[in-house]
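Trainee: Can you look at this prediction? I've put the sequence above it.
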Amino acid sequence: MIGNVLWMVLSFNFAAVCFAQTKSGQACLSYEPTVVKLQGTLARKTYPGPPNYEDVRKGDRPESSWFVVLSHPVCVDEDKESPDLNPAHQNIRSVQLVLTQEAYKKYKGLIGKRVIATGTLFGEHTGHHHTPVLLIVGRMEQKK
């Protein structure tokens, strides 16, 4: 009896892990509070901001954001406690970064370079968010 229960638990866990994997065999990432590491190229892009979020040439304030253009696409599992704010996503190729002003100054020399960004993920929910998933950066380093 215990052997059957153990077998069922192991089988279920294996199936869950397989279901949560990307095509490359990597397990899907999790939203905050889980700390994740993302690898890719640090990029900066400017978007139109307030008041209309449509066109800088028509008077919208320019807003620059930083992104990690990922080396390999990732998936993110749904947050079971906040599925509306943090839904599942597949084939994520770029993640917008959320940094403090001090961090922008500290890491500006890494733009255009391959980096490893460490932090926690959350789902987009405002007009300032330009990727489905964003990373609150705790630390960033150049990939060697």
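Mentor: Done, it's in.
Trainee: pLDDT on stretch 42-58, on average?
Mentor: Summarised as a single mean, pLDDT over stretch 42-58 is 92.
Trainee: Only the C-alpha atoms, please, for it, written as CSV.
Mentor: Taking Å, rounded to 0.1, in the frame of the first residue of the first chain, the C-alpha atoms of stretch 42-58 are listed here in CSV:
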residue,chain,number,x,y,z
LEU,A,42,21.0,44.4,-21.5
ALA,A,43,19.1,46.8,-23.8
ARG,A,44,17.4,50.2,-23.4
LYS,A,45,14.4,51.3,-25.4
THR,A,46,12.3,54.5,-25.3
TYR,A,47,8.5,54.5,-25.4
PRO,A,48,5.9,57.3,-25.4
GLY,A,49,4.7,58.0,-21.9
PRO,A,50,2.0,60.4,-20.5
PRO,A,51,-0.3,61.9,-21.3
ASN,A,52,-1.4,59.6,-24.1
TYR,A,53,1.2,56.9,-24.4
GLU,A,54,1.1,57.1,-28.2
ASP,A,55,3.7,59.3,-29.8
VAL,A,56,6.6,61.3,-28.4
ARG,A,57,6.5,63.6,-31.5
LYS,A,58,2.9,64.5,-30.6
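Trainee: For the closest residue to residue 139 other than its chain neighbours, the count of nearby residues, please.
Mentor: When the adjacent residues along the chain are set aside, residue 139 lies closest to residue 118, with 4.7 Å between them (CB to CB, 6 or more residues apart in numbering). Every C-beta, even on glycine, is put in place using the N, C-alpha and C of the backbone. Here the count is done by other CB atoms under 10 Å, and residue 118 has 15 residues near it.
Trainee: And residue 121, by the same measure?
Mentor: Counted with other CB under 10 Å, the neighbours of residue 121 add up to 24.
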